[in-house]
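Chemist: Can you look at this prediction? I've put the sequence above it.
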Amino acid sequence: MSCCVCLWVILAAGVVTVSGINVKEVSTINEAQTTCHPPRILEDSNLLHVECEGLKTLQNVRMLLKKRIWVRLGSLTIANSNLTTDLSVDDLVYYPALHTLTLRRSRLHDWKESQMSSVPRVRKLVIDQCWDNDTFLAKVKELTLTISPKLQDAFPDVEELYLLDLFMPFIPELSSMKNLKKIVIDKGAAKCDPENLWMLEWYNAGKLEINSTLCFVVDKTEDGLESMHMMFSFVDLKLMKGLRDIRTAIDDCPVPCHCEIYGYQRMVEPITTVDCTSANWTQLPDLIPSHTRRLILTNNRITNISKVFTNPYYQSLSLIRLKNNLVDHIDGELLSNYLHNHSKDFSINLINNKLETVSNS
């Protein structure tokens, strides 16, 4: 990800690698000039494109451009800026022909919905290497951007949305952008989480184009949030593969269990936990998600666990918890063969069952 820049230009940035993802590290800061560059004529159009940088608010554009340019402004790029006020298309009301807005290498504050009826119909929105954190200088890991519902409400007319080289912990389904026909996500990373499964549906429908975007999860423990190497736990895992694995785990999850992917082994095999605590079961399910490593069956009424040793869906298990069940028999030969052919460590918890011995047949 390229070095983000706000009203202060960030120079001499060093690269740190975080579990396979390159993140720029801030080292020195110099002030940038607030300016708009000379306009260029857009191809096949009488409209103009202007790039401005070093801004604190979108309203700065009006002060920097001559009035005769306002009505011909079709494309506007805001770069290297620290937009610290709430953003709204109301600030663009002076440019009725504006159809494309690009925000590049800038910090973006929160968005607010338009209160005017005569604002320009921005149909193409490009967000490139931006972030929205208040304390972006404090920690590299906070250079993230949330695609919030407020952003959707601010641009209801957008038909094409480009999210380029962003680190996005949350991307809600873009239902408020009712005219949206195309989404392009290029590079960067997004959170591999069930809440982002809508992207898989859009991708399968041909409405989402995604290129070289990686998958990351934010560690949920307090200790993890203080450690950069804990923040990105999926190394070089493509976003679509991560979302497909989540979809498969959910689809194959037995009712009423909770199934979750919490990591990857060798960057290929998902590590899945299946939690069926207090499901009132009397026997093991025939189907569990492939690559299930942890199976939690505490507080059930299961009596026979031979399926653990014979069913191929159970072959990846490293831990099975059967505390507080009614298991009274284990076939010793099946257990021995299973352990002999099992390449992984294997742990089974049978506390508070009816098992007294392990038979040889």
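Modeler: Yep, it's here. Residues are numbered from 1 along each chain as shown.
Chemist: mind checking the longest helix of this structure?
Modeler: helix 239-251 (DSSP state H).
Chemist: Name the residues that touch that helix?
Modeler: 185, 189-190, 192-194, 196-197, 199-200, 203, 210, 213-215, 234, 259-261, 270, 272, 289-290 (Cβ atoms under 8 Å, 6 or more residues apart in numbering). C-betas here are computed from N, CA, C, even on glycine.
Chemist: again with stretch 283-293
Modeler: For stretch 283-293, using Cβ under 8 Å, 6+ apart, the contacting residues are 248-249, 252-254, 257, 259, 269-274, 276, 295, 297, 302-305, 307-308, 311, 313-314, 316-319.
Chemist: Kindly supply the ChimeraX command isolating those of the residues you listed that are buried.
Modeler: Remark: buried members of those, expressed as a ChimeraX selection using 16 or more other Cβ atoms under 10 Å:
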select :248,249,252,253,254,257,259,270,271,272,273,274,276,295,297,302,305,307,308,313,314,316,317,319
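Chemist: Go through the contacts of stretch 283-293 and flag which are in strands.
Modeler: Using DSSP state E, 259, 269-274, 295, 319 are the members of the contacts of stretch 283-293 that sit in strands.
Chemist: shouldn't residue 147 be in contact with residue 176?
Modeler: No: using Cβ atoms under 8 Å, residue 147 is not in contact with residue 176, being 11.1 Å away.
Chemist: Work out for me the element the closest residue in space to residue 47 that isn't next to it in sequence sits within.
Modeler: Among residues not flanking residue 47 along the chain, residue 74 sits closest, at 2.9 Å (Cβ to Cβ, 6 or more residues apart in numbering). Assigned by DSSP states H and E, residue 74 belongs to strand 73-79.
Chemist: Indicate each strand paired with that strand and its parallel or antiparallel sense.
Modeler: strand 48-53 (parallel), strand 100-104 (parallel) (DSSP bridges).
Chemist: buried ones in it?
Modeler: In strand 73-79, counting by 16+ other Cβ under 10 Å, buried: 73-79.
Chemist: Pull up the gap between residue 337 and residue 91, please.
Modeler: Distance of residue 337 to residue 91, computed by Cβ to Cβ, to the nearest Å: 71 Å.
Chemist: The two: which has the busier surroundings?
Modeler: Set residue 337 next to residue 91 and count neighbours by other Cβ atoms under 10 Å: residue 91 wins out with 20 against 13.
Chemist: Enumerate every residue touching the nearest residue to that one once chain neighbours are set aside.
Modeler: Leaving aside its chain neighbours, residue 91 sits nearest to residue 58 (3.7 Å; criterion: Cβ to Cβ, 6+ apart). Counting by Cβ under 8 Å, 6+ apart, residue 58 makes contact with 78, 83, 87-88, 91-92.
Chemist: try residue 307
Modeler: 283-284, 286, 314.
Chemist: Kindly recompute the last result at 7 Å.
Modeler: 284, 314 (Cβ atoms under 7 Å, 6 or more residues apart in numbering).
Chemist: So it versus residue 214, what's the distance?
Modeler: For residue 307 relative to residue 214 (Cβ to Cβ), the value is 37 Å.
Chemist: And residue 272, by the same measure?
Modeler: 20 Å.
Chemist: which residues in the stretch 151-300 of the chain form strands?
Modeler: Assigned by DSSP state E, counting those that start in this stretch, the strands in the stretch 151-300 of the chain fall at 160-164, 167-168, 182-186, 189-191, 208-211, 214-216, 258-265, 269-275, 292-296.
Chemist: Mean neighbour count, the ones you listed: which tops it?
Modeler: strand 214-216 (a mean of 25; mean count of other Cβ atoms under 10 Å).
Chemist: can you tell me the average pLDDT over that strand?
Modeler: Per-residue pLDDT over strand 214-216 has a mean of 82.
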